[in-house]
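# Pasting the sequence and the predicted coordinates here, then a few questions.
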Amino acid sequence: MPSSQSRLKLAGQRLTFRGWSLLAGSATVVVVAYSTGWRALLYIGATLLVLVLLSVVWARSRSGRLIVERRISPDLVAAASTATVTLSVRNPTWMPRAAGLWRDDMPDELGQHSWRPLPPIPAGVTQEARVGLSYTIEAQRRGRFTVGPFAIQGSDPFGLSVHERTSGSVDELLVLPRIFALGGTSASPIAASDAAVRSTMMGRGQDDVIAREYRAGDALRHVHWRASAHRGELMVRQEQRHDDARAIVLLDNRREHWATVAAFEWAVSFAASIIAHLSTEGTGATLVLTAPESTNAYDRATPRESLIELATVARRTAEPGADYLDVIAGLQGEGPAPVFAIMGRMFAPEWRELALHRAPHSAAAAIIVDGGEAPEVLWNAGWRAVPVLDESVDMAEVWRSASMGSARV
């Protein structure tokens, strides 16, 4: 998601209203002095002009070069949450840096940050020649944003001139979609049923015990005595899990299927909330997009990696074909997995194609955002269908309907 282009516009060197007034006054006095021949007025006008020039030099000297180190903690936050920015500002010059004003340049999506007082900074390379600053960022929406550079503003004692310049580098802050708690409703019935199907298909129990050779350091309690007797050497148990429950979260990001940005943002936030919720229960989730930016292998990404992808996902014009259905079929081929499809407005043929991709003996739910009633073809194919007609609906209620039953929300 692109960030706003509204950034701090640095003016460089400029006169204040007071400075322009004094400059205009000095010019007027000089003109009057030449017109009347009054030499004293000429001295006054020249003095005022020199004062303005000195204010420019003074202001520039107060906004000299600084070395800035920035740290953002955490560097990955969810929308509607905060991050702390810590700055270490050092003066590498031989002249002390007088007090002034400072701020970090950043887009409006990270909040409004006005100029703040900057304390004096001694000269030199000692520890005393640096100051520590900090402030809080309030992330308002998801996306990839830049923070910086560090801007400083210096002025003269009379307030006639202001000089602004930047120092330091630019850092990145990744803002995830807003994640809502989906309540106490657990997806464990889904995870357990799909794990049981996996175990049955593989002909194994929940824990398949494999014996391997004993290695120095292995605990004796792990010795597999039956295998040791059979092999004539010490063997230890190596437990391998085959009930790794995993869900498929399908997000429709085709531009033509979303009437409003608000509806799409709700869908992105709900997808992120599902992934985070499943992760807390030990259930993995594979994120699949209907219009990905590139052909992904859709390997077993971590929840963090999936959330990072959701941070920048955008509505795109879909390429011809429905490759995402092939991706779902491939994932289902690895073993039955529940599907949570968060879709926009689709046509009847598209619903029919999607309905065919529920694995046997596995759960599937379609959350239809801004798309009206659930198509009958989904019900007939064994899908749960949850129409969401309003983005203000409680996501926890939608999740309960999608994971435990079917209802209109």
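Cool, got the structure.

# Helices of the stretch 201-350 of the chain, start to end?
For the stretch 201-350 of the chain, the helices defined by DSSP state H, counting those that start in this stretch cover 225-231, 261-280, 303-312, 323-333, 348-355.

# packing partners for the longest one?
Judged by 3 or more C-beta pairs under 8 Å, 6 or more residues apart in numbering; DSSP states H and E, the packing partners of helix 261-280 are strand 246-251, strand 284-289, helix 303-312, strand 339-343, strand 364-369, helix 395-404. (Each C-beta comes from the backbone N, C-alpha and C, glycine too.)

# quick one: which of the ones you listed is nearest residue 84?
Residue 84 lies closest to helix 303-312 among those, at 19.2 Å (C-beta to C-beta).

# Run through who's touching the closest one.
With contact meaning C-beta atoms under 8 Å, 6 or more residues apart in numbering, helix 303-312 is reached by 1, 76, 142-144, 174-177, 179, 249, 251, 268, 271-272, 275-276, 278-279, 284-287, 289, 301.

# Buried among the residues you listed? Need that as a selection in ChimeraX.
Selection of the buried residues among the contacts of helix 303-312 in ChimeraX, burial being defined by 16 or more other C-beta atoms under 10 Å:
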select :1,142,143,174,175,176,177,179,249,251,268,271,272,275,276,278,279,284,285,286,287,289,301
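
# From residue 369, how far out is residue 271?
Distance check for residue 271 against residue 369: by C-beta to C-beta, to the nearest Å, it reads 11 Å.

# where do the contact lists of the two overlap?
Residues within reach of residue 271 and of residue 369 at once, by C-beta under 8 Å, 6+ apart, are residue 342.

# Any chance of the helices and strands packed on helix 261-280 in JSON lines with mean pLDDT as columns?
As requested, the helices and strands packed on helix 261-280 are exported to JSON lines (pLDDT from 0 to 100):
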{"stretch": "strand 246-251", "mean pLDDT": "93"}
{"stretch": "strand 284-289", "mean pLDDT": "92"}
{"stretch": "helix 303-312", "mean pLDDT": "94"}
{"stretch": "strand 339-343", "mean pLDDT": "96"}
{"stretch": "strand 364-369", "mean pLDDT": "95"}
{"stretch": "helix 395-404", "mean pLDDT": "91"}
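
# nearest to residue 387, of the ones you listed?
Of those, nearest to residue 387 by C-beta to C-beta is strand 364-369, at 4.8 Å.

# max-length helix in this structure?
Of all the segments assigned as helix in the chain under DSSP state H, the longest by residue count is helix 39-61.

# Could you say which one of the helices of the stretch 201-350 of the chain comes nearest to residue 99?
With C-beta to C-beta, the closest approach to residue 99 among those belongs to helix 303-312: 38.5 Å.

# Buried residues in the closest one, which are they?
Neighbour-count burial for helix 303-312, with 16+ other C-beta under 10 Å as criterion, is recorded at 303, 306-311.

# Next one: the closest residue to residue 319 other than its chain neighbours from residue 331, what distance?
Leaving aside its sequence neighbours, residue 319 sits nearest to residue 291 (C-beta to C-beta, 6 or more residues apart in numbering; 7.1 Å). Using C-beta to C-beta, residue 291 is found at 18 Å from residue 331.

# Would you enumerate the residues in contact with residue 68?
87-90, 148-150, 167-169.

# Restrict those residues to the buried ones and give me that as a ChimeraX selection.
Buried members of these, defined by 16+ other C-beta under 10 Å, are picked up in ChimeraX with:
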select :87,89,90,148,149,150,167,168
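
# Of the contacts of residue 68, which is the nearest to residue 111?
For the contacts of residue 68, the nearest to residue 111 is residue 148 (14.7 Å; C-beta to C-beta).

# Secondary structure element holding the residue lying closest to residue 352 once chain neighbours are set aside?
Spatial nearest neighbour of residue 352, chain neighbours left out: residue 377 (5.3 Å); criterion: C-beta to C-beta, 6+ apart. Per DSSP states H and E, residue 377 falls inside helix 376-380.

# mind listing what's buried in that helix?
377-378.

# How far off centre is that helix?
Chain-centre distance of helix 376-380: 36 Å, with C-alpha atoms, centre = their mean, to the nearest Å.

# again, but for stretch 75-83
Worked out by C-alpha atoms, centre = their mean, stretch 75-83 lies 7 Å from the chain centre.

# List the buried residues for it?
77-80, 83.

# Okay, and the beta partners of the residue nearest the centre of the chain?
A centroid search over the chain (C-alpha atoms, centre = their mean) returns residue 175, at 1.9 Å, as the residue closest to the centre. As for beta bridges, residue 175 partners with residue 77, residue 143 under DSSP bridges.

# mind checking how far it is from residue 106?
12 Å.

# Need the overlap of contacts for those two.
With C-beta under 8 Å, 6+ apart, residue 175 and residue 106 have common neighbours residue 145.

# Report the contact partners of residue 99.
Applying C-beta under 8 Å, 6+ apart to residue 99 gives the contacts 117-120.

# where's it relative to residue 153, distance?
Taking C-beta to C-beta, one finds residue 99 at 11 Å from residue 153.

# what's the answer for residue 352, then?
Note on residue 352: its distance to residue 153, by C-beta to C-beta, is 63 Å.

# more neighbours, these two?
residue 153 (19 against 15; other C-beta atoms under 10 Å).

# now the nearest residue to the more buried one once chain neighbours are set aside, which residues is it bridged with?
Of all residues not flanking residue 153 in the chain, residue 101 sits nearest, at 4.2 Å (C-beta to C-beta, 6+ apart). Beta bridges link residue 101 to residue 117, residue 153, judged by DSSP bridges.
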